[in-house]
Structures are given as C-alpha cells and as structure tokens.
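Novice: Fold the following and give me the result.
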Amino acid sequence: MESDDNPYERPNNSAAFDPGSQNFATPQNAVSTESSNSITGSASIQDDRQNVSDSSIQQKGAKKRKQAEPKNVIPKKIDRKVVDYFKSEKKSSSASSQRDELYKSNITPNNPVMLPSDLGEVWPETSTAGEVERPGYDYSYTVQRLSKELEMTSLELDNQKKRMGEYREVIRALLIEKSKAQRKAAREKNLDNQLRIGQFKPARIGEQFRDQWNDGYAMEEIMNKLERVKKEKEEIHNSLLSLKKKKGAKDNKKTPGEAENGKTDDGFLKPPSPKELNSREIYEQEEIYRLRKEHLKKEEAELLLEKDKLERERNLHVKESKRIQYEEQSRFKDHILLNERYLLMSLLGKGGFSEVWKAYDLDNSLYVACKIHHVHKDWKEDKKANYVKHAMREKDIHKSLNHARIVRLFDLFTIDNDSFCTVLEYCDGNDLDFYLKQHKQIGEKEARSIIMQVVSALKYLNERKSPVIHYDLKPANILLQSGTAGGEIKITDFGLSKTMENSDDGESIELTSQGAGTYWYLPPETFQSYGHGIAPKISSKVDVWSVGVIFYQCLYGKRPFGHERTQQQILQEKTILNACEVAFPQNPKISPGAQDFIRCCLQYNKDDRSDVFQLSKHEYLRARTSRISDKP
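Specialist: Residues are numbered from 1 along each chain as shown. Down below sits the predicted model:
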C-alpha cells in the first residue's frame with residue numbers, strides 16, 4: 001500500500017501554503033523553480049557559512065529562512081476558499097476516525113478485520129452497489145456493516161409490526177364498544193317507538209297465530225281527534241240545515257196536545273218554546289257555523305298531515321324492528337372478525353338466503369358491506385350447485401366492474417361449508433324503493449338526475465367487450481348515497497346479471513332463468529312462451545324497459561303496469577304481456593320530453609324500443625329544459 005501508483009492512498013504530506021501568495025502546491029509540484037533555487041541557495045550558505053565572507057549573501061539567506069518559517073498571518077479574502085478547503089479536509093479526517101471507532105466496536109474479537117484507515121487507505125465515497133472492485137481491497141467490513149444494518153432494520157420492522165398489532169386491537173376494541181353503544185341506543189329508541197307508534201303482536205286468526213299490527217298512543221290520539229272533528233262537522237252541517245228550515249218561519253201555534261193552562265194532556269207542564277229567531281239572528285248563527293266549519297277543515301288537514309308523517313315514521317319503525325329482530329337471531333351478532341380483517345358491526349338487511357352487515361376493514365381502515373350467503377343444509381345438491389353458480393357468476397361479473405355509478409366488489413372468501421361472503425363498497429344511505437315508500441313520488445328534476453346516472457352505468461356495462469345485462473334493475477337495487485333523491489346513486493345486486501359473450505348474433509342471448517326477477521320491471525319478451533320450455537331471446541333492452549318503469553314510478557308514485565298486484569297475479573293475468581301502451585295521468589304535470597323518454601323505454605316490441613346507446617343520446621338527457629316541472 002506504499003506504492004505511489006495506488007489512486008486511493010491519501011498523501012502523507014499536506015499542501016504548502018504561502019500566505020502572501022495566491023498559489024498553493026503540494027511538495028511534489030507546488031514550489032516554483034525560482035523558490036526551489038532560493039531555498040537551495042539558502043541551504044548552501046548555511047553549510048559553507050565559515051568559507052563565505054560576503055555579508056550581503058548571509059543577510060539574504062537569513063531573510064529567506066525567516067520567510068520560510070510558518071507565520072500566523074490572516075489570509076486575504078481571495079485566499080479564504082483555500083483555508084476553507086483545508087478546514088473541510090480536517091473535519092472529514094475527524095469523521096473518518098469516528099466511523100472507524102464505531103466500526104471496531106461492532107467487530108467481535110474472534111473475527112478481526114483490518115480497516116482501510118489502518119492500511120493507509122480512505123473510506124470509499126460511493127455506495128456499495130456502485131463500487132468498483134479493486135485488487136487487494138478487503139470488503140468484509142462492508143458486508144458486516146450491511147449485515148448489521150439489515151439485522152437492525154429487521155428488528156425495527158418486527159417492532160413496527162408488533163405496535164401495529166397492538167394498535168389494531170385497540171381499534172377493534174373501540175369499534176366494538178361503539179357498536180354496542182349504538183345497538184343499545186337503537187333498542188331503547190325502538191322500545192319508545194313501540195309505545196308511541198305501535199308494534200306487531202301475535203293474534204289468533206282462525207286456527208293460526210299471525211303477527212298483527214297494533215297502533216301506539218300517538219296514532220290513537222290522532223284518530224280520536226279526527227273522529228271528534230268528523231262529529232263536529234256533522235253537527236254543524238245539521239245545524240245549518242235546521243237554520244235554513246227555520247229561516248222566515250214565524251208560526252207560533254200551539255201543538256194540539258197542549259192545554260190552555262200550559263199543561264199537556266198528561267198533566268205535566270210543557271217547557272216554554274224557544275224564542276223564534278229573526279232573520280238577523282239566523283244570519284249571525286249561520287256565519288258562526290261557517291267559521292267553525294272552516295276551522296275544523298283546517299284542523300282536519302293538519303291532523304291528516306300529522307297522520308301521514310306518523311305513517312312514514314311507522315315504515316321506518318317497522319323496518320328497524322325487523323332489522324333488530326334479525327340481528328339478534330343471526331349467528332354473526334357477536335362482532336365476529338371474518339377473514340381476520342372484517343369486523344362485523346351491525347346488520348343492514350336480510351334477504352331470503354343472505355344477510356348484509358356493515359363491517360370495518362381493519363387492513364384498509366374503511367367501512368365495507370359484507371354480504372353473507374347461506375347455502376341451506378337441507379337443499380338438494382343440484383340446488384346448492386345452482387345457487388353457488390349464480391353467486392360465482394355475480395362475483396366474476398361484478399369484480400371486473402369499475403364505474404362511479406356501480407357498487408365496487410372488493411373481496412370474496414369462504415366462511416365455512418355452508419356460507420361464504422362477498423365484500424362490497426359501503427353506501428351510507430337507503431335505497432330508492434324505501435325513499436319512494438316514504439315520499440310516494442319525486443320531483444321531475446330529481447328523478448331525471450337519478451335516471452341520468454342509471455343510464456350512464458348501463459352505457460358502461462354495454463361498452464365492455466362482453467356486454468352485461470343487469471336483468472334485475474329496480475328501485476331496491478338503486479342506492480341513494482346521501483339518502484336523498486338529489487345526490488349520487490349506485491347500482492347494486494348483480495345476482496341475476498348475464499353476459500353477452502355466448503351470443504349468436506352479438507345482440508341477444510337465450511333467457512335460461514325465465515321466471516326469476518321482479519315482474520313489475522321486466523319487459524313482455526321475458527314472459528313469452530312461459531311454461532312451454534322455449535327460451536326467449538333477450539338483450540340489453542331488458543334494462544331499458546326497467547329504466548322506463550322506474551322513471552314512471554318516480555314521477556307518478558305508482559308503477560305503469562300491475563300496480564298493487566302481486567307477482568302471481570301478474571303472471572296469471574298476463575299483465576305485462578298485455579301492456580301494449582303506457583298511459584299518463586293528468587297529475588302531476590310533467591314535461592313532454594319526459595313523456596317521450598318514457599315512451600321510448602316502454603315500447604312493447606323490443607325492435608321498436610331504444611337500446612342503451614340510443615337512450616343515452618336522447619334529447620331529454622342531453623340538454624336541460626325550462627319545461628321540467630319542479631313540483632312532485
């Protein structure tokens with residue numbers, strides 16, 4: 001390592017610095033020829049001092065020796081960069097020494113390593129990945145240093161994981177505590193509403209016991225007030241009729257049975273006859289009755305509004321009562337952690353073979369909806385296989401969808417042999433079906449906004465390589481994120497959806513699940529050849545028909561076909577097969593554009609019906625019009 005050819009060896013001699021000059025140099029190359037000759041001459045004078053008698057030469061040599069000695073001279077401004085350079089070199093040397101000491105402390109006595117500084121070398125400035133291999137250089141210190149760093153990093157990672165696990169348990173405990181408090185508050189409120197609004201009680205009907213609704217004290221008070229108002233109105237009506245009969249009557253004749261002494265034939269005194277009212281008094285009494293009648297009419301209207309409000313509260317109360325009942329009966333009620341990450345908090349709803357829970361994803365720190373599917377133990381194997389097939393098809397279709405108006409599917413996993421779970425995007429709001437039950441109908445502007453978003457989602461489904469038919473589009477499968485009709489919506493439930501990948505003509509497929517779905521929202525072609533074993537052809541125009549029915553129901557508060565009829569009655573009476581033309585009521589008034597849009601959706605012949613792309617380009621959706629009605 002003493003060779004001058006080693007480029008990584010630091011020179012042992014520091015640079016020579018002349019404070020009176022702007023130049024500095026190394027001992028090898030810094031001294032100019034003139035300075036070198038001067039120093040050599042000075043040394044010669046010193047050696048031959050006794051032989052040289054020239055005093056001028058002695059003085060000159062002494063002067064040069066004095067100049068060669070180091071002096072504490074403050075450098076000029078132009079030389080400060082040079083001084084800073086040497087200061088930085090000194091600091092670097094000190095840091096290198098500290099690093100060597102730290103490195104030596106991490107080396108065991110049984111495994112000594114020679115440091116580069118011990119060999120006269122410097123620490124390499126480049127990273128290990130960028131080092132150029134040098135002959136004779138020992139890399140063992142670098143390996144051990146990196147091993148030590150890796151060990152420390154692994155230890156820190158383990159500590160972080162441990163802390164994250166502790167935080168996770170704390171979050172889980174807080175969520176469970178919050179859920180228990182919410183459940184307690186919900187049950188206390190439900191008990192209060194049972195007294196105020198009412199509840200279902202078992203009642204015997206014939207030989208069977210069925211749950212029968214009993215009104216609470218609030219509804220009873222309203223009904224009693226309405227009954228009182230009704231009786232008062234009848235009394236006022238009869239009094240007005242009596243006044244009309246007495247008006248102008250001035251007959252004061254006695255009755256035939258009245259004696260001259262004021263006694264009747266039976267010997268009892270008859271009370272004096274009421275004084276006959278004159279025309280002015282009759283007019284005053286009529287005016288009093290009319291004012292009283294108007295007051296009762298206003299009171300009756302207020303009571304009816306209060307009754308309607310209470311009925312809407314009753315719908316919420318009934319739904320909440322059923323939810324609490326189903327939640328208490330569920331085997332997942334005890335805040336179970338599914339798949340080691342989804343903490344079940346509260347039941348959102350229950351269907352025939354599934355239940356939906358609000359859950360918290362502990363890994364991603366967000367609320368999700370866990371839909372738990374149950375396969376009944378007593379089902380036959382073919383029914384089980386069919387149910388699982390539909391669920392897997394829903395998963396395959398739904399997981400590939402990514403649109404702002406469609407609920408996202410995040411995960412699917414098995415719980416046990418009889419149940420599995422799909423994890424969906426959580427929407428904090430009710431569905432459109434519940435909103436319509438509460439408010440009957442929606443203003444045209446709000447309804448138009450909902451339909452625009454639904455058509456946008458359908459357009460996305462049909463732009464895919466294998467277009468998707470939802471087939472079960474209805475208000476219950478349209479979620480209102482804000483809980484109001486004026487916000488964003490999302491479409492959900494792809495359990496009956498179908499893909500067009502096996503289409504022969506690229507436009508339609510055979511309907512293999514005839515009889516499934518919600519009949520009020522299905523078009524006539526889905527009912528053709530029903531029960532004859534012939535599968536009809538369907539296309540995305542099935543969803544277009546559903547859009548028309550939903551829009552009509554939002555505007556008028558009822559379905560255009562089969563309203564208040566059961567599905568069995570619709571099937572037996574062939575209601576949809578006979579739905580050749582849609583009729584629009586006189587009230588409420590809606591714009592001609594809305595009526596034309598509905599007609600395009602509800603064309604009986606599917607060839608005359610608009611497809612999804614034509615519907616998305618309809619003038620009613622493309623441009624706003626001032627003729628849209630604001631009132632429901």
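Novice: Please, where are all the strands along the stretch 101-250 of the chain?
Specialist: Under the criterion DSSP state E, counting those that start in this stretch, the stretch 101-250 of the chain contains strands at 198-205, 208-215.
Novice: Roughly how far does residue 218 sit from residue 429?
Specialist: Taking C-beta to C-beta, to the nearest Å as the measure, residue 218 falls 27 Å from residue 429. Where C-beta positions appear, they are placed from N, C-alpha and C, glycine not excepted.
Novice: Out of the strands of the stretch 101-250 of the chain, indicate the one that is most buried.
Specialist: Stretch with highest mean neighbour count among these: strand 198-205 (a mean of 13; mean count of other C-beta atoms under 10 Å).
Novice: Touching it from outside, list them.
Specialist: Outside strand 198-205, the residues that touch it by C-beta atoms under 8 Å, 6 or more residues apart in numbering are 209-216, 219, 314, 317-318, 321.
Novice: Apply 10 Å and report the result again.
Specialist: Residues outside strand 198-205 that contact it (C-beta atoms under 10 Å, 6 or more residues apart in numbering) are 190-191, 193-194, 209-220, 310, 314, 317-318, 321-322, 325.
Novice: quick check: mean pLDDT across that strand?
Specialist: Confidence over strand 198-205 (mean pLDDT, whole number) is 84.
Novice: Can you tell me the strand partners of it and which way each runs?
Specialist: Applying DSSP bridges, strand 198-205 is found paired with strand 208-215 (antiparallel).
Novice: Alpha carbons of the strand it pairs with, as CSV, please.
Specialist: Taking C-alpha atoms only, strand 208-215 is exported to CSV below (Å, rounded to 0.1, in the frame of the first residue of the first chain):
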residue,chain,number,x,y,z
GLN,A,208,-103.4,-19.9,13.3
PHE,A,209,-101.5,-17.2,15.1
ARG,A,210,-100.2,-14.3,13.0
ASP,A,211,-98.4,-11.1,13.8
GLN,A,212,-100.9,-8.2,13.7
TRP,A,213,-100.1,-4.5,13.8
ASN,A,214,-101.4,-2.5,16.8
ASP,A,215,-101.2,1.3,16.8
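Novice: For it, give me every contacting residue.
Specialist: By C-beta under 10 Å, 6+ apart, the surrounding residues in contact with strand 208-215 are 194, 196-205, 220-223, 310, 314, 318.
Novice: Pull the contacting residues for the residue nearest to residue 585 when sequence neighbours are not counted.
Specialist: Excluding its sequence neighbours, the residue lying closest to residue 585 (C-beta to C-beta, 6 or more residues apart in numbering) is residue 556, at 5.9 Å. Neighbour list for residue 556: 440-442, 563, 584-585, 587-588, 590, 598, 632 [criterion: C-beta under 10 Å, 6+ apart].
Novice: where's residue 556 relative to residue 587, distance?
Specialist: In terms of C-beta to C-beta, residue 556 sits 9 Å off from residue 587.
Novice: again, but for residue 404
Specialist: As judged by C-beta to C-beta, residue 404 and residue 587 stand 35 Å apart.
Novice: And the two? Which one has more around it.
Specialist: Between residue 404 and residue 587, residue 404 has the larger neighbour count (other C-beta atoms under 10 Å), namely 12 against 7.
Novice: Three-state assignment for the more buried one, please.
Specialist: Secondary structure of residue 404, reduced to three states by DSSP: H, G, I helix; E, B strand; the rest coil: coil.
Novice: Can you give the contact residues for the helix or strand harbouring residue 593?
Specialist: Using DSSP states H and E, the element containing residue 593 is helix 592-601. The contact list for helix 592-601, computed with C-beta under 10 Å, 6+ apart, reads 444, 447-448, 451, 455, 523, 541, 543-552, 555-556, 560, 581-582, 584, 590-591, 608-610, 614-615, 618-621, 623, 625, 627-629.
Novice: Fine, thanks again, bye for now.
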